[in-house]
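Asker: Need coordinates for the below:
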Amino acid sequence: MVVIAIVLGVFVLEIIGALLSGSLALLADAGHLVSDLVGLIVALVAATVAARPATDRQTFGFRRVEVFGALVNSLILIGVAVSVAIGAAFRLGAHPDVQGGWMLVVAVIGLAGNVAGLLVLRGGAQASINMRGAYLEVLGDALGSLATIAAAVVILATGLGWADAIASLVIAALIVPRALSLLREVVRVLSESAPASTDVAEIRKHILGTDGVVAVHDVHVWAITSGAPVFSAHVVVSPDIFARGQAGALLDQLGGCLSEHFDVAHSTFQLEPAEHAEHEGDTHR
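Answerer: Got it, this is the predicted structure:
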C-alpha cells in the first residue's frame, strides 16, 4: 500500500509537470506509472488471494494467481512501450517547445519517489514473481526519471527540444527488456517447464546415488509459481528395502535430499519394485 501511494503521488505530479512543461518524456513516464499502479494493485490482490489455503478443488492452493498477475503486468508494459515509442517517433521530426526547468524539477521529485518505492519493495522481490515484476517496473521508472533529468539538462543548456523525444525512446527501450523477461518467466511457469535454476540431471544423479535405489523414471519438475518448485518421480528400489520395512526411511532421505540440495520443499516419490516398473507403460526418464 505504501508503494501504491508513492507511485500514485508521482503519477499525479508527472501529469501536472507534463502539462506545464510540454514534455513527452514526463508523459511517457506517467504512462509507465499507470502500468505500475495497475501492476501493484494486481500484485496486492494476487498476493492476498495466493495466501488462501488449499481446497479440494484447488489442491495446490491459489499461488498461481501470482503468475496470472505477472502476465497482466508484462502485457501492460509492452503496450506502454509501443505507445511511447510511436509518440516519440512523431516528435523527432517536430520542434516541440519544452520547458526544461519544470521538466527537471518534476523528474527529480519523481526519481526520489521511485527510490523510496524500490526500498520498500526490495525485500519481497526475491520471493515472488509478482513482487519482482513490481520491483522491476519501479526500477524502470527510476531509470526513466534519470533519462528525463538528462534530457531536461540538455534542453536547459542548448534549447534542443528533441532531447525530450530521445528520452521518451530511452524510456520505451528500458521497458521492453523487463517486460519480455517477466513474460518469459510467466510462460515457463504456465508451460510447466523445469525452473531455470533446476538441474534435473543432477537431481536424478542424487536419487540414483541413494542406498537402495536401483533406477528412477518419470521424473517431473515444475513450479506452481516462481520460487515454489514441485517434484515427482517413480523410484525403483531393491527388494530388501520393502522386506526390512525401510520404505519410510528412504522416503525421508529422498525428500530431505531434494529440500536440502535443490530447495524443493514439495516432492512426491513412488517407490516400486523392479517387477512393477517393468510392466509400466509410457514411462520416460
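Asker: so when I look at Thr268, I'm seeing a strand, right?
Answerer: Yes - counting by DSSP: H, G, I helix; E, B strand; the rest coil, Thr268 is located in a strand.
Asker: can you give me the mean pLDDT across the strand or helix carrying Val221?
Answerer: For Val221, the host element (DSSP states H and E) is strand 213-223. Averaged across strand 213-223, pLDDT comes to 90.
Asker: List the buried residues for it?
Answerer: Val213, Val216, His217, Val219, Val221, Trp222, Ala223 (16 or more other C-beta atoms under 10 Å). (Each C-beta comes from the backbone N, C-alpha and C, glycine too.)
Asker: repeat for stretch 106-115
Answerer: Counting neighbours by 16+ other C-beta under 10 Å, the buried set in stretch 106-115 is Val106, Ala107, Ile109, Gly110, Leu111, Gly113, Asn114.
Asker: can you list contacts of the strand or helix carrying the fifth one?
Answerer: Leu111 belongs to helix 100-121 when assigned by DSSP H and E. Contacts made with helix 100-121 from outside it, assessed by C-beta atoms under 8 Å, 6 or more residues apart in numbering, are listed as 2-3, 6-7, 9-10, 13-14, 16-18, 20-21, 23, 25-26, 29, 131, 134-135, 138-139, 141-142, 145-146, 148-149, 151-156, 164.
Asker: go on, stretch 255-268?
Answerer: Taking contacts as C-beta under 8 Å, 6+ apart, the residues outside stretch 255-268 that touch it are 198-199, 202-203, 206-207, 210, 221, 228-233, 254, 269.
Asker: Just give me how far that stretch sits from the chain centre.
Answerer: How far stretch 255-268 lies from its chain's middle: 23 Å, per C-alpha atoms, centre = their mean, to the nearest Å.
Asker: try stretch 217-230
Answerer: Counting by C-alpha atoms, centre = their mean, stretch 217-230 comes out at 17 Å from the chain centroid.
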